[in-house]
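Asks: Make a model of this:
(chains A and B)
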Amino acid sequence: EAGVVQSPRYKIIEKKQPVAFWCNPISGHNTLYWYRQNLGQGPELLIRYENEEAVDDSQLPKDRFSAERLKGVDSTLKIQPAELGDSAVYLCASRNLRDRFLNEQFFGPGTRLTVL
Amino acid sequence: RKEVEQDPGPFNVPEGATVAFNCTYSNSASQSFFWYRQDCRKEPKLLMSVYSSGNEDGRFTAQLNRASQYISLLIRDSKLSDSATYLCVVTGSMDQLIWGAGTKLIIKP
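Replies: Residues are numbered from 1 along each chain as shown, chains lettered A, B, ... in the order given. A predicted model of the protein is given here:
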C-alpha cells in the first residue's frame, strides 16, 4: 500500500514569492493534517481536514496561508507571500477516522522549504 | 509553559545501555498518549501507544502516570539503530495531537 505522498520534496524561493505544497493521503484515510516543523521542534498543526471540511484551522496564519481539500482526497497548502520565517519542513499526515482507538497518524516525507 | 515538555537532550549513551525519556503534559483532560520516533531528516513514525497500565514492546517500555501527568519511555539494551529523536505526543481537547519538542538520542559503539 502506498504511503502519504508529498511534493515537492524541496523548495527554495525568495521572500514575497508564492509557494504551494501538495499531499495525497493514504487511500481511504478521511482525515488529513498539515503540520509545520522547525528545526529542533515537534510538528505544529496548521490545519486538519475530515473529508473536505476543515475542522481545525485555528493555528493557520490566515493572512498568508491557505489550504484546500476540494474532493476530500488530496490537498494543497499555499503560502502567499512567503516570509523568511516560513522556512521549515511542511509535513502532511493522514489517519483513518475509523481507527479512532489507535489514533495513529501516518506522515509523508515532508517538503523542506527554504525562503531566501 | 509548553503543553508537552520533554528532556532537552541530546542523550549520548553507549551501546547496550538503558536509557529513559521523560515527558510531562499540562492538560489533565488528555486521553491518549504516544511515543513517536523521528530519524534525521525523516518523518515521524509511531513507536508505541502508552496505556494506563503500562505497556512493553520488546526492549521498549512505556508508562503513564495520570496523577502526575507524566509519561516515560525506557529503552533497554540500546542498539546503534535506536539513534533518533523521540517525540512525546498527547491528545488535546479537540482530539488533536500535541507534540513535544523531542529528545535526541545518540547511541555510541
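Asks: okay, now the residue in chain B that chain A sits nearest to: neighbour count?
Replies: With CB to the nearest CB as the measure, B:Trp99 is the residue of chain B nearest to chain A, at 3.1 Å. Backbone N, C-alpha and C define where each C-beta goes, glycine included. Residues within reach of B:Trp99, counting by other CB atoms under 10 Å in any protein chain shown, total 24.
Asks: mind listing what it touches?
Replies: For B:Trp99, the set of contacting residues under the criterion of CB atoms under 8 Å, 6 or more residues apart in numbering or on different chains consists of A:Gly42, A:Pro43, A:Glu44, B:Val4, B:Tyr36, B:Leu87, B:Cys88, B:Val89.
Asks: Nearest to A:Trp22 among the residues you listed?
Replies: Compare each of these with A:Trp22 using CB to CB and the shortest gap goes to A:Pro43, at 18.1 Å.
Asks: can you list the residues of chain B near chain A?
Replies: Taking CB under 8 Å from any CB of the partner chain as the measure of proximity, chain B contacts chain A at B:4, B:32, B:34, B:42-46, B:49, B:87, B:89, B:91, B:94-97, B:99-102.
Asks: related to what we said a few turns ago, which pLDDT value does the model give the residue of chain B closest to chain A?
Replies: Looking at B:Trp99, its pLDDT is 95.
Asks: So which residues of chain A form strands?
Replies: Remark: strands assigned in chain A by DSSP state E are A:5-7, A:10-13, A:19-24, A:31-37, A:44-50, A:53-56, A:65-68, A:75-79, A:88-95, A:106-107, A:111-115.
Asks: Distance to B:Glu15 added to these, as TSV?
Replies: Output for the strands of chain A, formatted as TSV (distance: least, CB to CB, whole Å):
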stretch	distance to B:Glu15
strand A:5-7	34
strand A:10-13	33
strand A:19-24	38
strand A:31-37	29
strand A:44-50	34
strand A:53-56	42
strand A:65-68	44
strand A:75-79	41
strand A:88-95	29
strand A:106-107	28
strand A:111-115	31
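Asks: among the ones you listed, which is nearest B:Asn12?
Replies: The closest of the strands of chain A to B:Asn12 is strand A:31-37. By CB to CB, the value is 23.3 Å.
Asks: sorry, back to before: turn the contacts of B:Trp99 into TSV, columns for distance to A:Ala54.
Replies: Putting the contacts of B:Trp99 into TSV (distance: CB to CB, whole Å) gives the following:
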residue	distance to A:Ala54
A:Gly42	22
A:Pro43	18
A:Glu44	16
B:Val4	24
B:Tyr36	24
B:Leu87	25
B:Cys88	27
B:Val89	22
